[in-house]
Every structure is written in C-alpha cells, then in structure tokens.
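need coordinates for the following:
(2 chains)
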Amino acid sequence: MSAVSHAELMRDNTIDDPTQRAPLVTNDSSFGDVTQAVAGVAEAKPPIGWLICFGVASVGAVMLVSCIGWLVWMGVGVWGNMTPVAWAWDITNFVFWVGIGHAGTLISAVLFLMRQKWRMSINRFAEAMTIFAVICAAIFPGVHVGRAWLAYWLFPIPNQMQMWPQFRSPLLWDVFAVGTYATTSILFWYFGMIPDLATLRDRAKSTIAKIGYGIFSLGWTGSARHWHRYERAYLLLAGLATPLVLSVHSVVSFDFAVSQLPGWHTTIFPPYFVAGAIFSGFAMVMNLAIPARAIFKLEHLITMRHLENMNKVILATGMMVGYAYGMEFFTAWYSGNPQEVFAFKNRAFGPYWWAYWTMVSCNVISPQFFWFKKLRTSIPVMFVLCIFVNIGMWFERFVITVTSLHRDSLPSSWAYYQPTHIDIMMLVGSFGLFFTLFFLFLKYLPIIAMAEMKTVMPQAHAHGDHHGPATKHAHTAGAH
Amino acid sequence: MAHSKVPERTSGDTKVYSYLAEYPTPQALIEACKAVRDAGYKKWDAYSPFPVHGIDPAMGIRPTILPWIVLGAGLTGMLLGLVMQIGLNAFDYPWIISGKPLWSVPAFVPVAFETTILLSALTTFGGCLVLNNLPDLYHPLFKKKRFAKATDDKFFISIESDDKLFDEQKTKSLLERTHPTALETVEDDRKVNSALPRPIVYGLLIATFLSFVPMARIAQARYTKTTDPRFNLVSNMDYQEKYKSQRGTSFFADKRTMRPPIPGTVAQDTLALDDRYSRGVEPGTNDKFISDFPPQFSVNAGAMQRGRERFEIYCAPCHGLAGYGDGMVARRAEELAEGTWVAPTSLHEPRLANEPLGYFYNVISNGVRNMPGYASQVTEEDRWLIVLYLRALQRSQAGSVDDVPADQRGALR
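Okay, the predicted model is just below:
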C-alpha cells in the first residue's frame, strides 16, 4: 500500500479525503475526452463479448415470449399455482422486478435533488435498468389475470357492460402506480438523454444512425434558452419522481397489506418494501455497472468512490430490511393473535424454512461485510455480495407470498407449492428479456450522461463563479 | 487574429440566417454573451454542450413559466383523479366495498396521487418541448460542420438576421471583439415552399379517413340491436371443453353426460331407516300404513298449532282452510274452466275418514294421482304435524251432539 502515494490514491479517487472532495472524473479528462469515451462505445463495432452476451440474453427473451404464448393459449394452469397458493412465482417475480426498478429513479431523482453529484456516472445506467425492470415486472400481473386479452378491463374504459373498475382495491391502485411509474421513468430517462442523443447524432457516420439519433434527439441544438427550460424541467421531473418512487412500492405492498391474511396484513409493509426495493435495486445496479465499466473501460467515470457509496447504501438498506424482518416477528408475538403467531412461526420453521433462511442469510448477513472498507472496495467481493442480495430479495418476495398462503385457516387445504417448468423458464426468460434490452442500451445509447458529466468537470467552472447579485439586464427576449 | 477571416456574404439570393461565432471555453462564452446582451440584441442565442453555469444572467434569460404550468397540470390531475373515482364508484356504479361509505376518500388517495404525478410529468415533458419549439428536426445551423461540436466541446453564439439591430458590419465587428475562435455566416436554406409531396398528402388524407372506420363501426355497434350472438375474438368461453347436463357424449356407454347415482346411493340427510317415521308404513312393507303416530312423535297443543300453520301454507291453497276442496287455487281454476283441472278432493269424504294416519303421511310425501308430493318442501316432522291437524280437521267436521260436554249442550241452538 505504502508504495502508492496519497496523491495517487486521490487521483483514482479510491479514498475520500474529507478536506478535499475526490474528483468525480479522474484522469484529467477534457470535455472532448468525455464525449469520446461515452459516444465511442455506441460508435465502435460491437465487441465480441457483447455479441455473445446479447446472443445468450436474446435466447432467454425468446424463451419468455414462447412461455407467455403457451400460457395465454393454455391458461394459467401451466403454472404451479393452485389453491391455496393462488399467487406464487408470478407475483414474486412482479414484486422482485418492480423492486429492482426502484434504484434507477431513486439514484436519478432523489440523489439529484440532494445534489449528490456522484450519481452522474451511474444514473443513466440505473434509469435504463429501471425501465427494463419495470417492463419485466409488468408482464407478470398482465398475464396472471388468466384471460390476458381482457387485461384492459383494469383501466376505466367506457364499455357495453356499463361496469367500472373497483377503485378501492389495492390491485387497481397497483395498475395506476406501476403505470404512472413506468411512464414517468421512461420520460425521465428519455428526457435526460435528449442532449446526449444529439451528440451521437452530430457524430454519426452512417445514414441509419443519423436518421435514428436525429429523430430521437428532436432537433436539440444546445441553445442556452433551451437549456434553461430543460434544466428546470429536469428538476421538476426529479421532484415528481421522488414521491412517486416512494409511493409505488408502498402501493405494491398494499396488495398484501390491505388484505387480511396473517403474514400480509401488517402496517410495516410500505416502508419495509421501499427499503427492500432500494436495497435490491442498488445491488442490481452494481451487478450491471461493475462488468460494464470493465468491458467499456469506463473506470475513470464510474470510479471506486461511486461503487463504495453504493455499497454503503446497500449496507444501510440491508439493515433496515433486517430490522423489518425482526419487527414482523415482534409484532406477531405482541399482537397475541394465534393466527398471526402461527403464520410467522410457520414462515421460519415450517416447510419453507429453507427459503426463509436463504432470505435472511442473503439479505441480512451478507451486507454486513460492507462494514469493512477493504471488502467494500474490493470488486470481486462486492460483485458476489450483490448477487447474494439479489437472490435474497427474490426469496423475500417468495417467502412473503407463498408461506403466508400455503397454510391457510383450513388445514384440510394446506398444500406445498411447487413451481412447474414454465414457472422456472419464465423467471429465467425475464432475465433474458431484461439483459437483451440492457445490452441494446449499452451498445446503442449514451450509457453515461455526458452533458451532465461535463458540468461537474473543473473546466466547467473556472475562476470567479458568476452567481453573486446577477447583473440584471433582463432586456433580452425572454425565455418564456 | 488569424481566425477572423470575415466570411463573405454568400452570392446569389440565399438569405443570411445568422452569424455564428465559436468559443473554446464556457468562460469565453459567458463574456461574449454579456457583450451581445449589452449591445441590446434580442434574437440571438448561445449554444453549448452542457448547461453553462451563470449563462442565464449573462444572456438575460428570464425564469421560465414551466413550473406554473406544471403546478396547474398537477392540480388538474388530482381533481380528475378524484372526480373519476367518486363519479364512477359512488354515482355511476355505486359499489360498497368492505363496508366503506361511497365517498371513501382515503381509499381514493392512491389513484388521485398517481394521476397528479402522471399529468404533471407528461406536462413537464411536453411543456418543455413545446416552449422550446421542439421537435424541430431541421435547423439552419445544422448545415455548419463546425456546429456539430456544439454537442461536444465547443461553445457558440449565433445572432440572427431577423434581429432589428442586425447589421452586417456592426454585428460582425461586435462578434469579432469577443475573440471567437471562428466566425461564420449561416445561410437560411429553409425552403420557402416546404409543402409535402402530393402523393404523401393524399396518402395521409386517405389514412386519416380510414382510421375513422373502426371507430364508426364501434359506435354503430353500440347503438344498434342484433339477434346475432356477441362475437368474441377468443371464443374459449363460448365453447368450453366441458360436459353440460342433458347433452350426449360418446365417452360413456349409455351416451349420457349426466351420470346416474351408483345403485344404493343415498343423498345426504335422506337416509330413512325408520320406516314408520319416514315412510308411514309398517317396517319392511310398502302399503301397510300405520294407523297411529310413530312413537317419537308426541301430540300436544304446540304441535297442533304448528300443524295448522303448515297446513294453511301448504295445503289450504287447494284444499281450502276447512279442507272442503275449495281453496283459492281451486276456485280460480273452476272460474277459468279450462277443462284440465281436477278438483282437490274434499278431505271430509267419508272414505278418507277411515284411512290410517300413515296413508295421509304418504299422500303428503309422494302425492296421489294428480296431486304432487311435498317431500322436498315439507320436512318429515312437519308432515306428521300436518297429518295431526288434518285428522283434527276431519274430526271437527264429523262431530255430533254427543261430542259436546253435557253441561254445555244448553248453549247450542
């Protein structure tokens, strides 16, 4: 260690000197370097590694689509769902993917509002991840309704039956929450990308790229008057997305909490679900960013400081989730309600004990390693731990959904749920779809927010910041 | 300055769109902006690869009204969300769920919240684009090779020829004084006649027209009546793979979908082990009716009372309250005189007075000739109660003076 000078460590910003903030962009990059580094990824020929990964992922996506076709044709009986476990992997996968989808907006919006500039190198990733995760999530409730072609009944559309959706149902709240979330995330992501798409447009060589990027950059010129409204709009979107992100997983948790099933009917669910969503989402961002920064040589943009900060968030939210697990048991015991006590005893020591303890080891024990700086800053350690967190969070949703259902109040109908091949193929396939979209994004879109990145570089603010009492010469054509 | 090769005005009648000056750093841009602002120009703009800090005062850009538009949109979204839910679930389709009142506002909060955010977000996005005049896929500046750097690492000012103060020489020298690294003239090559080609216009018109057809068909279907069954795209609910009663099948040997019960099957609660009580006959026989009440049946005033009540419900409509066969149904049937009616037997026929109790029980249970059985409606216990009352009724109509206590006979007239 001593061989490396302090200044050296500061340069690659592994260490965080409180008296001197580590730079967010290392290597003394210029504006042009940033453009080249990011746009270069989209312009270069696809590396062989990318082709292989994309190929594998798209096989998974095709598998998912085939399974959905089979499911729509045959009915939901192709799944292992049965009475009393009428919700199983479908809802588990839904909540899992929606949860992952939370980190994106959280990183983009909440950290933006808190002026956490370190978010910039990862926010585009995270937002893309959000959108793809929400797409994967939306599939499951969409097809689990059984007659998937009637899923539009979920929306208040005037119809010849003269019927309307039931607005007091959490399942309907879910439709609105997830729908709004998907729309807002896509807007936020796309809006943030417009200036960067313009950069790609201006560098494009092939006609297809020129037309494609040209259309989607909407004719962005970088006009200062446009930037003015753009920045304001971005701030507004961030401000709107922040309460939204907290509300969405709360509403998802209402699907359970508003029912009266022991094991679901708890008021702790909304905050506990939100913490879990951030937890799993950050872990997923890590799992995506670590290989991407290595493959595309972006270590000077996504630095160790970013990764370490994310690990700290994972540690914090992991503790919250652990607290919630403990609190659930306390509440069950304190309630004095025998059904409630049974549900939780059964959860930890019943037939699904293995799922429960997988969840606890992955979610509560594994993040504890992040207390140690050495582990927190070791790439292999954090990569593996984040995979564990993702596994653990999938199991959390499985445990909540299935263990609460499989032993209901009528012992004669108790049953042990087992997934079918289709269940397994659909879960694997959803990862395929997710990665297919993600690899397309990595290759063809600006994966780092270039324009934003440039604003935090030292060249962007030289001597004498010009805020002060601004010289008010407001006689120019206004920007209204 | 080597770079200050002042561009010549292009020959021909191409209009000048603007003068474009390039700067290497954001600081140089800001200084230049201040100079242009102070010169009083209005139709000009600065271009940069990222939002330059402090450029708004340097250019004199006033704050945008976008936040106010979004606030309005948010409030509208909230109102619409509430009105939609209350209107649909409390008025148009009133629906009481978990005992909540129709106006259960707390249950409407989540959706109202989401519609607030949704409309605000859409308005933010759309509003920003509209205020910025985007999308605008073509801009004269795009013709300049140099300008491609505006999204990379160079900074530009463009003063448009539409500006009142625009003057070839003065504007040029103003920009030169700001030390640009390059200065160029931008031509306005936006064609005056930018109309779409004819075939495309016609194509669009036809497409627009055709797009109304499905709508019109739907509207028509909604307001016309038809005897055809509803057309379902997915017909798995119309033709279900299941057997329905009274349908044939090749699966079973007897070609019936309805399966007869296995011989000896007894339906729940119909196990009649006690022949006396359940069938009114001596054990093991079919027509040897018992002449006494079965042993578990006790005769008392309460039993008589309920027997009367059951009789008046189940028997009196035909047989009449007193049992003479003149109930309401019977009288109405006679009035109609349709010729198919068989009059209910008078329960006071002498023949019936001698029938054993079990016989009446059997008549109630299984019916007799044209009278249907009442076993499915009247429980066994109630049937015996009716028999009890019936017997009392017969006795009441067949009395003689001897039945009246001797000390009260004087009261008879």
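
list the buried residues for stretch B:132-141?
B:Asn132, B:Leu134, B:His139, B:Pro140, B:Leu141 (16 or more other C-beta atoms under 10 Å in any protein chain shown). C-beta coordinates here come from the backbone N, C-alpha and C atoms, glycine included.

so where's the chain uncertain?
This is for chain A. Scanning chain A for pLDDT under 70 picks out A:1-28, A:118, A:461-480.

was after chain B, sorry
Ranges of chain B meeting pLDDT under 70: B:1-13, B:191-195, B:269, B:413.

50 instead, please
B:1-11 (pLDDT under 50).

quick revisit: show me which pair in the buried residues of stretch B:132-141 is furthest apart.
Greatest spatial distance among these (C-beta to C-beta): B:Asn132 and B:Pro140, at 16.7 Å.

separation between the closest residue to A:Met82 other than its chain neighbours and A:Met359?
With sequence-adjacent residues excluded and distances taken as C-beta to C-beta, 6 or more residues apart in numbering or on different chains, A:Met82 is closest to A:Ala415, at 6.6 Å. Separation of A:Ala415 from A:Met359 (C-beta to C-beta, to the nearest Å): 21 Å.

of those two, who's got more company?
Legend: neighbour count by other C-beta atoms under 10 Å in any protein chain shown for A:Ala415 and A:Met359, higher for A:Met359 (24 against 14).

residues near B:Pro350, how many?
Using other C-beta under 10 Å: B:Pro350 sits among 8 other residues.

spit out the contact partners of the residue of the stretch 201-350 of chain B found nearest chain A.
Going by C-beta to the nearest C-beta, chain A is nearest to B:Val234 of the stretch 201-350 of chain B, at 5.7 Å. Residues in contact with B:Val234 (C-beta atoms under 8 Å, 6 or more residues apart in numbering or on different chains) are A:Arg147, A:Trp149.

quick check on it: phi, psi?
phi -110, psi 110 (degrees, to the nearest 10).

secondary structure class for the residue nearest to A:Met82?
Assigned by DSSP: H, G, I helix; E, B strand; the rest coil, the conformation of A:Ala415 is coil.

hey, where'd the helices end up in the stretch 1-150 of chain A?
With helices called from DSSP state H, counting those that start in this stretch, the stretch 1-150 of chain A shows them at A:6-11, A:31-43, A:48-74, A:89-105, A:111-113, A:120-144.

the ones you listed: which one's closest to chain B?
Judging the helices of the stretch 1-150 of chain A by C-beta to the nearest C-beta, what sits closest to chain B is helix A:31-43, at 3.6 Å.

got a list of contacts for that closest one?
A:25, A:27, A:29, A:196, A:199-200, A:203-205, A:296-298, A:300-301, A:442-448, A:450, A:453-454, A:457, A:459, B:49, B:152-153.

selecting buried members of these in ChimeraX, what would you type?
This is how ChimeraX selects the buried members of these, with burial counted by 16+ other C-beta under 10 Å:
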select /A:25,29,196,199,200,203,204,296,298,300,301,442,443,444,445,446,447,448,450,453,454,457 /B:49,152,153
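
contact partners for B:Leu79?
Contacts of B:Leu79 (C-beta under 8 Å, 6+ apart): none.

separation between it and chain A?
Counting by C-beta to the nearest C-beta, to the nearest Å, the separation of B:Leu79 from chain A is 15 Å.

so that residue: helix, strand or coil?
Classified using three-state DSSP, B:Leu79 is helix.

how about the residue of the stretch 151-300 of chain B found nearest chain A, nearest residue that isn't a chain neighbour?
The nearest approach of the stretch 151-300 of chain B to chain A comes at B:Asp153, 3.6 Å away (C-beta to the nearest C-beta). Excluding the flanking residues, the one nearest B:Asp153 by C-beta to C-beta, 6+ apart is A:Phe31, at 3.6 Å.

and A:Ala182, which of the helices of the stretch 1-150 of chain A is closest to it?
helix A:120-144 (4.7 Å).

and the helices in chain B?
Using DSSP state H, the helices of chain B run over residues B:26-39, B:55-59, B:66-86, B:105-131, B:168-177, B:198-223, B:275-279, B:301-314, B:316-319, B:328-336, B:350-353, B:357-366, B:380-397.

got the angle between the last one and helix B:357-366?
Angle between the axes of helix B:380-397 and helix B:357-366 is 120 degrees (criterion: axes from the mean of the first three to the mean of the last three C-alpha atoms, to 10 degrees).

who's in contact with the residue nearest to A:Met82?
Here A:Ala415 is in contact with A:Met82, A:Thr83, A:Pro84, A:Val85, A:His406 (criterion: C-beta under 8 Å, 6+ apart).

quick check: chain neighbours aside, which residue is closest to the residue nearest to the spatial centre of chain A?
Central residue of chain A (C-alpha atoms, centre = their mean): A:Gly101, 2.8 Å from the mean position. Using C-beta to C-beta, 6+ apart and skipping the chain neighbours, the partner closest in space to A:Gly101 is A:Ala133 (3.8 Å).

that neighbour is in contact with A:Leu288, isn't it?
No: A:Ala133 is not in contact with A:Leu288 according to C-beta atoms under 8 Å; the separation is 10.6 Å.

these two: which has the busier surroundings?
A:Ala133 (27 against 21).

contacting residues around stretch A:137-157?
A:64, A:68, A:71-72, A:75-76, A:87, A:90-91, A:93-98, A:101, A:159, A:164-165, A:172, A:174-175, A:178, A:182, A:426, A:430, A:433, B:84, B:88, B:233-234.

go again using 6 Å as the cut-off
Under the contact criterion C-beta atoms under 6 Å, 6 or more residues apart in numbering or on different chains, stretch A:137-157 has outside partners A:68, A:71-72, A:76, A:90, A:93-94, A:97-98, A:164-165, A:175, B:234.

same question, stretch B:138-145
Counting by C-beta under 6 Å, 6+ apart, A:Thr221, B:Tyr17, B:Phe147, B:Val186, B:Asp188 sit against stretch B:138-145.

filter the residues you listed down to the ones in strands?
The strands, defined by DSSP state E, take in B:Tyr17, B:Val186, B:Asp188 from the contacts of stretch B:138-145.

would TSV of those with distance to A:Glu328 be doable?
Below are the ones in strands among the contacts of stretch B:138-145 laid out as TSV (distance: C-beta to C-beta, whole Å):
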residue	distance to A:Glu328
B:Tyr17	67
B:Val186	67
B:Asp188	69
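
top of the residues you listed by neighbour count?
Neighbour-wise, the ones in strands among the contacts of stretch B:138-145 (other C-beta under 10 Å) top out at B:Val186, 23 neighbours.

beta partners for that residue?
B:Ser18 (DSSP bridges).

now flag whichever of the buried residues of stretch B:132-141 is closest to B:Val329.
Checking the buried residues of stretch B:132-141 one by one against B:Val329 (C-beta to C-beta), the nearest turns out to be B:Leu134, at 83.2 Å.
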